[in-house]
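Novice: predicted coordinates and the sequence they were generated for:
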Amino acid sequence: MLISRVILNIFEAVSGLHINWNKSFIYPVNIVPNIEDLAYKLGWKVGELPITYLGIPLGAKSKSSGIWSGVIEKCERKLVNWKCQYLSSSDRLTLVNSVLDALPSYMMSIFPIPAKVTKRLDAIRRNFLWKGSEDKGVAS
């Protein structure tokens with residue numbers, strides 16, 4: 001335990017970076033005996049999984065569709081602003097290809113995307129591109 005603290009202090013000295021011990025957490029995986037004692041000695045708090053780190057849910061079930069809800073919500077929020085603007089079909093296609101297709105890429109590099117989520121994202125793209133179900137025809 002003390003060795004971990006010494007290594008982190010050496011890291012601070014060598015890198016010039018400062019560790020904020022008040023914001024430091026330790027996240028046990030499975031059952032870790034005496035985790036509270038370890039956290040106390042290191043000056044950290046004990047956290048619980050799942051958490052979100054850099055936009056990725058850590059400790060979540062990778063096959064769950066729930067971890068993709070943030071990506072779906074981001075796509076829908078983008079569309080709210082775009083639907084208020086007059087856009088040609090080529091403008092809509094460009095936005096779909098450049099923005100909506102890029103949003104899930106980061107998550108797909110870590111988690112496999114379930115078919116259910118793929119269908120939902122395709123429906124969001126399709127409805128925006130073709131102006132949704134209430135307006136028939138191509139957006140012009």
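Specialist: Perfect, I can see it now.
Novice: I56 reaches M107, doesn't it?
Specialist: Yes - the pair I56 / M107 is scored as a contact, 7.1 Å apart, by C-beta atoms under 8 Å. To be clear about C-beta, it is placed using only N, CA and C from the backbone, and glycine gets the same treatment.
Novice: next up, phi/psi of S15, please.
Specialist: Backbone torsions of S15, given as degrees, to the nearest 10, read phi -90, psi -20.
Novice: what about it, how many residues nearby?
Specialist: 9 (other C-beta atoms under 10 Å).
Novice: read off the pLDDT value for it.
Specialist: In the predicted model, S15 carries a pLDDT score of 96.
Novice: ok, it - contacts?
Specialist: Residues in contact with S15 (C-beta atoms under 8 Å, 6 or more residues apart in numbering): none are found.
Novice: now it: how far from Y27?
Specialist: The spacing between S15 and Y27, counted by C-beta to C-beta, to the nearest Å, is 23 Å.
Novice: now I113
Specialist: 25 Å.
Novice: between those two, which is the more surrounded one?
Specialist: Neighbour tally, I113 and Y27, criterion other C-beta under 10 Å: the higher count belongs to Y27, 17 against 14.
Novice: show me what contacts the more buried one?
Specialist: Shown in contact with Y27 (C-beta under 8 Å, 6+ apart): 46-49, 51, 58-59.
Novice: before we move on, what about I56?
Specialist: 106-107, 110.
Novice: how does it look with 7 Å?
Specialist: I110 (C-beta atoms under 7 Å, 6 or more residues apart in numbering).
Novice: from N81, how far off is it?
Specialist: Taken as C-beta to C-beta, the span from I56 to N81 is 25 Å.
Novice: same thing with N20?
Specialist: Counting by C-beta to C-beta - N20 and N81 are separated by 35 Å.
Novice: one more: S64?
Specialist: Distance from S64 to N81, by C-beta to C-beta: 29 Å.
Novice: I appreciate the help and will end here.
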